[in-house]
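Visitor: Here is a sequence together with a model predicted from it:
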Amino acid sequence: MWSVGGSRSHVARQLAQRLRAVYLDKDSLAGDLVDAALELVGRRTGGREDDPTYIERLIPAEYAALFATAADNLRLGLPVVLDAPFAAYLTNPGFLTASAGRASWPTATPVVVVEVRASGETVRTRLTQRGLPRDRAKLADWSAFWQRLGTQDCAWTGARHIVVDNDAEPDLDAVVGLAGDTGPVPLHAF
């Protein structure tokens, strides 16, 4: 389910385009700031998942910024698609509602969680092909990475969930239909 390398961003961009929604990518919003912060404290940039500073201090700030930016757009009446892995938070049932509350999302905002899934083989191939420095640690110990994050289920409450199989070209009609039935809605693609 956790779709690093599973083309989650491709799905999220397609959904945003079809829904005429604001597209918010966590890495676009915070990636350069995260790298600068890691560099300032003497850590290597691109070494996120294995860095305690990133895990303990920067991940929470990234997601707070993502939810706050979504809130700004939701208050304007705009639908929002959030593109982020959410891996650190998938097993926390209250993460979504607590994060939306801290960011002051409009009351009763309908939410659809899009679980973008791909097989381990597909994800590993895509990570290898994209060749990003932040993927090196994942690929170096693939079995541990996949066992820890590749098989997680999303436990979030307060939203409707839909699964998209992304081993091939996904069929997004059901997602668009579900989101279209709810009005301005933030979609979480992970």
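Guide: Sure thing, it's come through. Nothing here was measured: the structure is a model prediction, and the numbers come from that model.
Visitor: the helices in this protein, which residues?
Guide: Along the chain, counting by DSSP state H, helices occupy 8-19, 26-40, 52-53, 59-74, 95-102, 120-130, 136-140, 142-145, 173-180.
Visitor: Identify the residues contacting the second one?
Guide: Going back to what we said before, that points to helix 26-40. If you take CB atoms under 8 Å, 6 or more residues apart in numbering as the criterion, helix 26-40 is touched by 44-48, 51, 53-54, 57-58, 61-63, 65-66, 69, 82-85. No exception for glycine: its C-beta is placed from N, CA and C like everyone else's.
Visitor: Going by mean pLDDT, which of the helices of the chain comes out lowest?
Guide: Per-stretch mean pLDDT for these is lowest at helix 173-180 (a mean of 73).
Visitor: Name the nearest residue to the most centrally placed residue in the chain, sequence neighbours excluded.
Guide: Centrality entry for the chain: nearest residue to the mean C-alpha point is Ala84, 1.7 Å, by CA atoms, centre = their mean. Once flanking residues are discounted, Ala84 sits nearest to Lys26: 3.7 Å by CB to CB, 6 or more residues apart in numbering.
Visitor: what about the residue nearest to the centre of the chain, distance to Gly150?
Guide: For Ala84, the distance to Gly150 equals 16 Å [CB to CB, to the nearest Å].
Visitor: And for Leu33?
Guide: In terms of CB to CB, Leu33 sits 27 Å off from Gly150.
Visitor: These two: who's more crowded?
Guide: Gly150 (23 against 13; other CB atoms under 10 Å).
Visitor: Does the more buried one touch Val123 like I think?
Guide: Yes. Here Gly150 reaches Val123: they are 6.6 Å apart, a contact under CB atoms under 8 Å.
Visitor: Of the helices of the chain, which is nearest Arg160?
Guide: Of all the helices of the chain, it is helix 173-180 that lies closest to Arg160, at 6.5 Å by CB to CB.
Visitor: For the residue of the chain most remote from its centre, give its distance to Thr53.
Guide: No residue in the chain sits farther from the centre than Gly42, which is 26.8 Å out by CA atoms, centre = their mean. To Thr53, Gly42 is 9 Å away according to CB to CB.
Visitor: Then Pro170?
Guide: Taking CB to CB, one finds Pro170 at 35 Å from Thr53.
Visitor: One more: Thr151?
Guide: Counting by CB to CB, the gap from Thr151 to Thr53 is 27 Å.
Visitor: Looking at those two, which one has more neighbours?
Guide: Taking neighbours as other CB under 10 Å, Thr151 and Thr53 compare with Thr53 leading, 17 against 10.
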